[in-house]
Each structure stands twice: as C-alpha cells, then as structure tokens.
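> what follows is a predicted structure for the sequence shown.
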Amino acid sequence: MSEEQLGDQEQQRRIKLDRLRQAGIDPYPAQSRRTHTTAEAIAALEAGADPNEPLVVTVVGRLVGVRVMGKSSFAHVEDGLGRIQLYLRVDVLGEEAYEMFRRDLDLGDFVQATGQLFHTRTGEATVRTEELRVLAKALRPLPVVKEKDGQVFDAFADKGQRYRQRYVDLAVNPEVREVFCVRARIVSALRRFLDERGFLEVETPVLQPIYGGAAARPFLTYHNQLKQQLYLRISDELYLKRLIVGGFERVYEIGRDFRNEGVSFKHNPEFTQIEFYMAYADYHDVMAMTEEMVAYAAQEALGSTRITVNGQDIDLSPPWRRWRLRDAIRKVTGIDYEDYPDAGDLYRAIVDMGGTPERKSSWGKLVDPTLINYVEPHLIQPTFLYDYPLEVSPLAKQKADEPNLVERFEFFIGGYELGNAFSEINDPLDQRKRFLASSEALAAGDEEAHPLDEDYIHALSYGMPPTGGFGMGIDRLTMLMTGKDSLREVILFPHLRAKD
C-alpha cells in the first residue's frame, strides 16, 4: 500500500513509528521477558502476597484500553490467557517513558510492563508500572465496537472479512478464539481415547499415485523429478488397512484430506478427518466405540455430553438410536427402495413423491440424495443408520444373510452426517470385483467413482483379519459441539472464492 493510500490513522501511526526510532527505541525488538501471564499475575495477587514484600511481575500483551488522566493513566493489556490493568504515573515511570506512552503508543501495540501488583480501590488487579517497553508497533488500528443511533455494532462482524482476515477476527473476538480452543480439546480427547485403548497413531501418504477410500473427485498434481502424476488423498483408508495386513491390530490417523467438490456450509475442499481401523471387529463393535468416543470427547472438551444445536437439546451419551437405512427412508418418504430395483422406476417414485433427482443418476446415486435431502434433516438426536445397499458401498463387506446389503453405517447428529464406518472387505477377489465395477463407472464419466488399486488388492492377498473401520470429520464435529452453522466458523483459514 502506497503512502497516498494510507488512511489518517495509518499515517499517524507511521509518524509515531518514526518518532520512536528517532528516540533510539526499537519498535520491534527481538527479545522480550515475561515472568507471569496475566492470569498468573492475577492469581498470585488473589492468593494474598505479603504486603511487606510486594510482588514484582513482568507482563506482556496487546494494549486494548487506554485512559490518560494528565500525569497518570490506566491501560489494559491482553495476552493469550486474559487481561490485566496497568497503572502508569509520570513520577514512577519517568517523564521520557511516560511521554512515549502517552504520545506514541496506540491500541493494538504490544508492550512489556514491569512493576508491583496491587488492588485498586475498586478491587481490580493492577500493575504499578515502573518500566514500559514497546514490543511491536501496530501500523493498522484494530476494529472496535461502534455505537450509532443507539445501536451497538460488533467489532468485526462481516463474515467475509472475518474469514479472509482471521488474524483480525481472533484479535478482536475472544469468543472466536474459544471456538478453536474447543476444537483443540476435541482433537486431544479423541487422540487420548484411542491411545488409551491400544491404538497406534500413524501417518500415511498425502500424495498418492492412486486415490481411494471414498467416493469423491480428487485434486491432481505432478511431481517434476519423478515425472509422476499424483493425487491429494481423499481418504486415509487404503493405507491404514495395509497396516492391518502388516500386523498392526489397531491404528488411527488424524489428518487433512482433500476433495475437489463444491463448497458449502458443510463442505470445504480440504478438511480434517479421523480414521481408525480395528482388527477382529465388525461394524457393531465400531458402533459401540463411536458413541462412547464422541460422548467422551464432548465431556472432555465441553464438560458435558449435552449440547444445543439450532435451539434443540441433544444428548450425546450412549446408547444411540440404531435404525436400518431402508426403514428410515421408507418411514420418512414412503418409498421402499427395494421395491424399485431398476433406476428408472426408483427415479419415477422419487419424482412422484415430490423430489427432483437428476435424470441420468444410477440407482445408488438416487438412494444417497434421498437420504441426504429427506431423512438427514430429521436425525437430530444421535442416530446410526445401518445396512446400506451394496451398490453405494464399494469397500464394505456384504451381509452373509442379505448379500444385496453391506455391513455399513453412517451416524447423524443435529441433522448432519458426521461419519461413515463398516466391516471391511478382506476378500481380495471380492474387492477386485467391486473395484472393477466402480472403475467402469469412472470410465463412463462418474468422476466420484472409485478407481482400481491393484497394489491394495495385492496387499489384501497376504491376508487381512476381520476388521472394522471408521472415519469422521473433525470440522463437522466441532461445528456441532460449538453450535456453529458453518464449517467456516470452525476452520481457521477456510477456502474462499477469489476476492475479485
């Protein structure tokens, strides 16, 4: 930005910056010192320091409030754990330092203050500042709460601005910072839950020669030296199951996956997912572990298993409702999809019901949106939908007594799908047959169909025990637990359209 484009406040801050430098003050020093966080300083004072031995502290943080009263002033500094008041007097700080504070510091600047802790007459914990250092001069003012015609406007409320300038959003909206603290606690709780049950955390390739493990369109990239086309992974599944073949009985990964699909309030091109695989288990075992794990994460991150989503109270504690997919769709729509084995007949039944499916959809591509559009919004309390059609589940094991179905479930909370799981195929010949059928659909133009992965089939040929697998989106889980209505609220830097 040129000098001509700077606003009045930016220009004034540049002048103050130059004045600090001319006075021999480095406005961006390399070193700082802190003896106490603001929270620790307040706690130490509340604990009752010896009045005969005043506690001297050094605190640091951003200036978020200044009140100048002639030869004395009050200010507030805020660090990552809270804020504390500073009391500055010209006869204690010295005329030169006090003048620097009064004339050249602004809200948003970072400072270091050293002095004795005391309580003001109103009982507020305060540092009687004896030394003040500039740590970083802010050249742009932070947005502030504004009042106009009796109405109060948020400091930084425009969602587009907030997502594009998350650093400002975090600086002025402490409730936004708390959302991401909750997210971190959720991830830590999930990791702790699995670690305590004998799972091994691993890392698998993000760049893959063949993508797989989900029905999604991938991102394509190219490795120049290897002269190799690669894909950003859409799932961790096939590599994690290779590890089950290799002898690890319980593995999990928390990492980024990438899908070249539409952007919406519940979709982002890159997202964080947790996947785990457990040998000698089936989808019923995974169901039990899922409800226990999600309830545990809520208790650890929020202090309760009860949450509120869109004004509705939800109890995450087990057991959750278990509902066959066929029964759920039939109950909500009146359509029993098994009465319509032909895609054309199912299409007409959905149209007659008032739906608007895509004309050339396969049978499976008709079942899935029927679930999403008509059933999913009604699944507010935690619910497992299970026993899915084989056609829409290329990696799930067939049911022994109903070979047209597979041992698969998805789970839903608050009207959102959060995860997918199944008893894994461990028959390499069956898996190859499923892959071939899916790759034919891919060749016919279905960009989300699963490609053939010969190396994965080769791995299965060495033997994989019965295995239960699971995948869940961390972003959606965080959205649910923090009561937000968009993934962009729980992803620090969400993908957005180009500004121009």
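Cool, the structure landed.
> who's in contact with stretch 272-279?
190, 194, 199, 235-237, 240-241, 243-244, 249-257, 285-286, 289, 424, 464-475 (C-beta atoms under 8 Å, 6 or more residues apart in numbering). (C-beta placed from N, C-alpha, C; glycine too.)
> show me those that map onto helices.
L190, L194, E237, L240, K241, L243, I244, D285, V286, M289, I474, D475 (DSSP state H).
> can you say which of the contacts of stretch 272-279 are buried?
When those are checked for burial by 16 or more other C-beta atoms under 10 Å, the buried set is 190, 194, 199, 235-237, 240-241, 243-244, 249-254, 257, 286, 289, 424, 464, 467-475.
> low-confidence ranges in the stretch 301-450 of the chain?
Judged against pLDDT under 70, the stretch 301-450 of the chain has no low-scoring part.
> kindly report the same for the chain.
Looking at the chain by pLDDT under 70, you get 1-4, 49-51, 145-155, 500.
> could you pick out the longest strand of it?
strand 56-69 (DSSP state E).
> next SSE downstream of that strand?
Sequence-wise, the next helix or strand downstream of strand 56-69 (DSSP states H and E) is strand 72-79.
> give the buried residues for that next one.
Quick answer for strand 72-79 (16+ other C-beta under 10 Å): S73, F74, A75, H76, V77, E78, D79.
> repeat for stretch 380-390
I380, P382, T383, F384, L385, Y386, D387, Y388, P389, L390.
> now stretch 488-495
Quick answer for stretch 488-495 (16+ other C-beta under 10 Å): R488, E489, V490, I491, P494.
> roughly how far does the last one sit from G160?
As judged by C-beta to C-beta, to the nearest Å, P494 and G160 stand 11 Å apart.
> next one: Q431
Distance from Q431 to G160, by C-beta to C-beta: 45 Å.
> when these two are compared, which one has more neighbours?
Q431 (21 against 11; other C-beta atoms under 10 Å).
> tell me how far E447 lies from G414.
Distance of E447 to G414, computed by C-beta to C-beta: 30 Å.
> neighbour count winner among those two?
Shown here are E447 and G414; by other C-beta under 10 Å, G414 has more neighbours (21 against 12).
> skipping adjacent residues, who's closest to that one in space?
V309 (3.6 Å; C-beta to C-beta, 6 or more residues apart in numbering).
> same question for I234.
A216 (4.4 Å).
> so that neighbour is in which element?
Short version: A216 belongs to no helix or strand, going by DSSP H and E.
> report how many residues lie close to the nearest residue to F248 once chain neighbours are set aside.
Excluding the flanking residues, the one nearest F248 by C-beta to C-beta, 6+ apart is L200, at 5.8 Å. The local packing of L200 (other C-beta under 10 Å) involves 14 other residues.
> I'd guessed L200 sits against E253; true?
No - counting by C-beta atoms under 8 Å, L200 does not reach E253; the two are 9.9 Å apart.
> look up how far G212 lies from R242.
Taking C-beta to C-beta, one finds R242 at 11 Å from G212.
> restrict stretch 24-44 to CA atoms and write it as PDB.
What follows is stretch 24-44, C-alpha atoms only, in PDB (Å, rounded to 0.1, in the frame of the first residue of the first chain):
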ATOM      1  CA  GLY A  24      16.500   5.400  19.900                       C
ATOM      2  CA  ILE A  25      13.700   3.000  20.700                       C
ATOM      3  CA  ASP A  26      13.400  -0.200  18.600                       C
ATOM      4  CA  PRO A  27       9.700  -0.600  17.900                       C
ATOM      5  CA  TYR A  28      10.200  -4.300  17.000                       C
ATOM      6  CA  PRO A  29      12.800  -5.700  19.400                       C
ATOM      7  CA  ALA A  30      13.900  -9.300  19.100                       C
ATOM      8  CA  GLN A  31      13.700 -10.100  22.800                       C
ATOM      9  CA  SER A  32      11.000  -9.900  25.400                       C
ATOM     10  CA  ARG A  33      10.700 -11.100  29.000                       C
ATOM     11  CA  ARG A  34       7.700 -12.300  30.900                       C
ATOM     12  CA  THR A  35       7.600 -13.600  34.500                       C
ATOM     13  CA  HIS A  36       3.800 -14.100  34.700                       C
ATOM     14  CA  THR A  37       0.900 -14.400  32.300                       C
ATOM     15  CA  THR A  38      -1.900 -12.000  33.000                       C
ATOM     16  CA  ALA A  39      -3.800 -14.900  34.600                       C
ATOM     17  CA  GLU A  40      -0.900 -16.000  36.700                       C
ATOM     18  CA  ALA A  41      -0.300 -12.400  37.900                       C
ATOM     19  CA  ILE A  42      -3.900 -12.000  39.000                       C
ATOM     20  CA  ALA A  43      -3.900 -15.500  40.600                       C
ATOM     21  CA  ALA A  44      -0.700 -14.600  42.600                       C
END
